[in-house]
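Asker: Just need the structure, nothing else, for what follows:
(one chain, ligands or ions: 1)
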Amino acid sequence: MSINRLNRNAKISGVAGWLPDYVLTNEELSRMVETSDDWITTRTGIKERRILKDPSKATSDMGANALNKLLNKCNVGADEIDLIICATVTPDMLFPSTACLIADKVGAKNAFGFDLSAACSAFIFALDCASKYISSGQYNKVVVIGADKMSSIVDYNDRQTCVIFGDGAAAVLLEPDDECATGVIDSILKIDGAGGDYLKMIAGGSLNPASLDSVKMGHHFIYQDGKTVFKFAVTKMADVAEQIMKKNNLSGEDVDWLVPHQANLRIIDATANRMNIDSEKVMVNIHKYGNTTAATIPLCLADWEDKLNKGDNLILAAFGGGFTWGAVYLKWSY
Ligand code: COA
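Answerer: A predicted model of the protein is given here:
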């Protein structure tokens with residue numbers, strides 16, 4: 001195989017999602033913290049989220065389940081996979097990487113792989129990265145998995161965060177499109193580390209290793225300044241979606257689908273408004289799953305797969321902790 005053949009796109013040739021069975025409703029949360037179905041629905045658009053209850057299962061199990069489903073669907077053997085990129089902020093452990101654990105669980109004996117950390121933007125960062133490996137000519141079958149067991153880092157006494165997050169995983173298979181007719185066309189990806197203080201997990205890393213104090217102080221849970229995150233997310237996600245449309249001469253009418261990260265329905269609506277696209281063209285499943293972090297965008301693709309047509313113009317847009325944000329312009333391939 002020749003390396004650095006820069007004349008091919010990376011197309012998505014399959015997608016599959018996997019969600020835990022347990023449904024945590026707004027009503028149940030209202031019995032756990034001082035909140036209400038009305039507050040959560042009005043402020044976020046979320047009605048329920050899925051939770052992985054089995055304490056012996058983790059992010060890699062959800063990722064492996066999604067990947068096995070994908071491989072069956074696409075009739076591809078695990079040993080044919082060249083590369084696995086796992087987008088996650090809730091790895092099973094600091095090392096080995098979740099990609100290694102998933103490769104072992106599905107029997108991907110010939111794969112290279114790594115985790116990509118960019119919180120809620122991780123899936124689009126990983127998709128862009130995967131597409132580069134394909135268009136360089138280095139690999140032919142690349143899997144991108146977005147998987148997060150958010151319930152493992154959510155404090156169910158903190159009403160500001162526990163209402164938002166859920167667990168889930170989804171995987172896409174990328175292969176070359178030698179005609180460059182479909183697939184990943186363009187991306188604009190950004191980080192701004194000055195935003196790090198507003199959304200983070202304080203302990204468990206090399207700065208604040210786990211200690212009795214860190215546990216006592218709840219520093220292994222998500223810390224979020226929701227108002228500040230909201231303010232940035234609502235402008236940055238819309239900015240970047242608008243920029244990628246402009247860069248590719250796309251009007252609101254040219255865009256067939258907006259695939260937004262599912263953090264808050266108000267952020268999604270603001271992005272769609274700025275892009276000047278109708279609400280019927282916006283993928284929204286936040287009411288069913290909440291914010292599954294790296295899994296939201298591929299879970300949308302899985303839910304909408306039957307409605308997509310070859311050549312459809314999709315804009316994927318995300319915002320997350322870091323801060324990280326970005327947009328990908330993708331032409332659907334099947
Ligand atoms: N139920 C009831 N009341 C709640 C509540 C809940 N679950 N969470 C917060 N409140 C209260 C607050 O205590 C506050 O009360 P006060 O006015 O008496 O102080 C009031 O509701 C308003 O809080 P505020 O933080 O201003 O609400 P908000 O409209 O900003 O909504 C978020 C809170 C978290 C839903 C919103 O800020 C948000 O979505 N932020 C972005 C989060 C995000 O996208 N994170 C993932 C990164 S991609």
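
Asker: Against residue 143, how distant is residue 276?
Answerer: Counting by CB to CB, to the nearest Å, the separation of residue 276 from residue 143 is 34 Å. For the C-beta atoms, the positions are set from N, CA and C on the backbone; glycine is no exception.

Asker: How about residue 28?
Answerer: Distance, residue 28 to residue 143, by CB to CB: 34 Å.

Asker: Tell me where the chain is predicted with low confidence.
Answerer: 1-6 (pLDDT under 70).

Asker: Could you list the contact residues of it toward the ligand?
Answerer: The chain comes close to the ligand at residues 35, 39-40, 43-44, 120, 159-160, 163, 199, 226-227, 229-230, 233, 263-264, 291, 319-320, as judged by CB under 6 Å from any ligand atom.

Asker: Buried ones only from those, please, as a ChimeraX command.
Answerer: Of these, the buried ones can be selected in ChimeraX as follows, counting by 16 or more other CB atoms under 10 Å:
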select :35,40,43,44,120,159,163,199,229,230,233,263,264,291,319,320
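
Asker: So which of the residues of the chain next to the ligand belong to strands?
Answerer: Judged by DSSP state E, the residues of the chain next to the ligand include 199, 319-320 as members of strands.

Asker: what about residue 171, which helix or strand?
Answerer: Using DSSP states H and E, residue 171 falls within strand 167-177.

Asker: what about the helices in the stretch 151-300 of the chain?
Answerer: All helices of the stretch 151-300 of the chain, identified by DSSP state H, counting those that start in this stretch, fall at 159-162, 212-216, 226-247, 265-275, 286-289, 296-304.

Asker: got the angle for the longest one vs helix 265-275?
Answerer: What that stands for is helix 226-247. Between helix 226-247 and helix 265-275, the angle comes out at 30 degrees (axes from the mean of the first three to the mean of the last three CA atoms, to 10 degrees).

Asker: Can you mark which positions in helix 226-247 are buried?
Answerer: Neighbour-count burial for helix 226-247, with 16+ other CB under 10 Å as criterion, is recorded at 229-230, 232-242, 244-245.

Asker: Mind giving me the packing neighbours of that helix?
Answerer: With contacts taken as 3 or more CB pairs under 8 Å, 6 or more residues apart in numbering; DSSP states H and E, helix 226-247 sits against strand 183-191, helix 265-275, strand 313-320, strand 324-331.

Asker: Tabulate these (TSV), appending distance to residue 94.
Answerer: Shown next, in TSV, are the helices and strands packed on helix 226-247 (distance: least, CB to CB, whole Å):
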stretch	distance to residue 94
strand 183-191	21
helix 265-275	30
strand 313-320	20
strand 324-331	20
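
Asker: Tell me which residue of the stretch 1-150 of the chain lies closest to the ligand.
Answerer: When scored by CB to the nearest ligand atom, the stretch 1-150 of the chain has residue 35 as its residue closest to the ligand, at 3.2 Å.

Asker: Enumerate every residue touching residue 312.
Answerer: 256-257, 331-332 (CB atoms under 8 Å, 6 or more residues apart in numbering).

Asker: redo that, cut-off 6 Å
Answerer: Neighbouring residues of residue 312 by CB atoms under 6 Å, 6 or more residues apart in numbering: 256, 332.

Asker: Perfect, that will be all.
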